[in-house]
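Asker: sequence first, then the predicted structure, then my questions.
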Amino acid sequence: MEILTTVYGHDRVKEVLRRAFLQGALPYQLLFVGPEGIGKKKIAWGLSQILLCQRLSDQGVACGQCSSCLKIQSGFHESILFIEPEKNLIKIEKAREIQSFLSLSHDEKARIVIVDNAHFLNQQASNALLKLVEEPPARVYFFFITHRWAQVLPTIRSRMTKIPVAPLSEEDLSRWMEPSNEATELLRFARGSVKELLEQKQEESSMVRQEAYELFQRFFSDKNYLILGDWRDRIKDKDKLILYIRYWLTSLHEYLYQKNKQDGFNQGESLLPHLRGLMDYHDDVIWSLWEKGLTLEAGVLGHRDPVLLLEEWLLVTEDKQKKKGFSYELMD
Ligand SMILES: [Zn+2]
């Protein structure tokens, strides 16, 4: 089967590209823009397959079986140059590699330069490519891919046609999961990214997530835990703490989302167990927690003392009384 057909979701993008190709209107410079891990690279390879297939159907579907299709499926084809950053940089050497790749004469149907993470092209490399990108040699295509559109140099951006690739829907993503409570939760965490979903499925992520939930649950349901609890020891690993914070933020987000969406929320039955403690708080407390959670994350990343930061963050719950008239008892 051709690659483009096997890309999950993105039906509109696929159709637009295929139609443009059939009408002979496919631009030679495409910039695929969208979040990480949603299939942009696969779309670029799929489109390349259509351009190079030796037995393309009248509907513009690659055969998936000719030598050209098979090579592309294996990830190598002599008419495709795939460029990706090394240590977060695409330097002038890579631009030279592109120049020399394109200087060879060829009789293929097309030659394609795919640049992944194009926002890492540095100024020098970008400058070296400008003219080529602006006026590519005959039958040469540039497919650039980025999840940071604003960081792609404007001189490059302005020479390319932007193809927005949206995050996948939960329905699209759910094809990777057997239905279960955990699946529902992971799908929400993945925020439309297959890459994120697959990472979340790893056992290690699952453990960190459970730890994060446990802490979260205790912060918001056990009044003594903040004062007496062992959480100070449990947040010593900074990398882990960052992950915890991200899970906490997503949890708060999830809570607000559920609350706005569902009837019968009062019972909290539809909530994940660690979120139920939040029902004792006013919504404005939850919103503050969420907002200040972003500051918390920035503070931890900025090497400030995590214990102080967390205490500060959790103080939000004390500023405003709990709905049920409860407040943390401060020790002498
Ligand atoms: Zn083919």
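Answerer: Arrived safely. Numbering: from 1, shown residues only.
Asker: before we move on, what SS does Cys63 have?
Answerer: coil (DSSP: H, G, I helix; E, B strand; the rest coil).
Asker: tell me, how many residues neighbour it?
Answerer: When neighbours are defined as other CB atoms under 10 Å, Cys63 has 16 of them. No exception for glycine: its C-beta is placed from N, CA and C like everyone else's.
Asker: show the contacting residues for it.
Answerer: Neighbouring residues of Cys63 by CB atoms under 8 Å, 6 or more residues apart in numbering: 2, 53-57, 69.
Asker: from these, which are also near the ion?
Answerer: 53, 69 (CB under 5 Å from the ion).
Asker: ok, longest strand in this protein?
Answerer: Among the elements of the chain assigned as strand by DSSP state E, the one spanning the most residues is strand 140-146.
Asker: if you count contacts, what does that strand end up packed against?
Answerer: strand 29-33, helix 40-52, strand 111-115 (3 or more CB pairs under 8 Å, 6 or more residues apart in numbering; DSSP states H and E).
Asker: follow-up on the earlier one: make a markdown table out of the contacts of Cys63 and add secondary structure and pLDDT.
Answerer: Converted to a markdown table, the contacts of Cys63 look like this (DSSP: H, G, I helix; E, B strand; the rest coil; pLDDT from 0 to 100):
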| residue | secondary structure | pLDDT |
| --- | --- | --- |
| Glu2 | coil | 95 |
| Cys53 | coil | 97 |
| Gln54 | coil | 96 |
| Arg55 | coil | 97 |
| Leu56 | coil | 97 |
| Ser57 | coil | 97 |
| Cys69 | helix | 97 |
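Asker: quick one: name the residues of this structure near the ion.
Answerer: So the chain meets the ion at 53, 62-63, 66, 69 (CB under 5 Å from the ion).
Asker: so which of the residues you listed is surrounded by the most neighbours?
Answerer: Ala62 (27 neighbours).
Asker: might one say that that one is in contact with Leu4?
Answerer: Yes: using CB atoms under 8 Å, Ala62 is in contact with Leu4, at 7.2 Å.
Asker: shared neighbours of these two, anything?
Answerer: Common neighbours of Ala62 and Leu4 (CB under 8 Å, 6+ apart) are 46, 49-50.
Asker: nearest residue to the residue of the stretch 201-332 of the chain at minimum distance from the ion in space, please, no chain neighbours.
Answerer: Using CB to the ion, the single residue of the stretch 201-332 of the chain nearest to the ion is Lys201, 32.7 Å away. Closest residue to Lys201 apart from its sequence neighbours, by CB to CB, 6 or more residues apart in numbering: Leu186 at 6.6 Å.
Asker: ok, now Leu51?
Answerer: Ala110 (4.2 Å).
Asker: how close does the residue nearest to the spatial centre of the chain get to Lys223?
Answerer: With distances taken as CA atoms, centre = their mean, the residue of the chain nearest its centroid is Glu36 (3.3 Å). Using CB to CB, to the nearest Å, we find Glu36 at a distance of 40 Å from Lys223.
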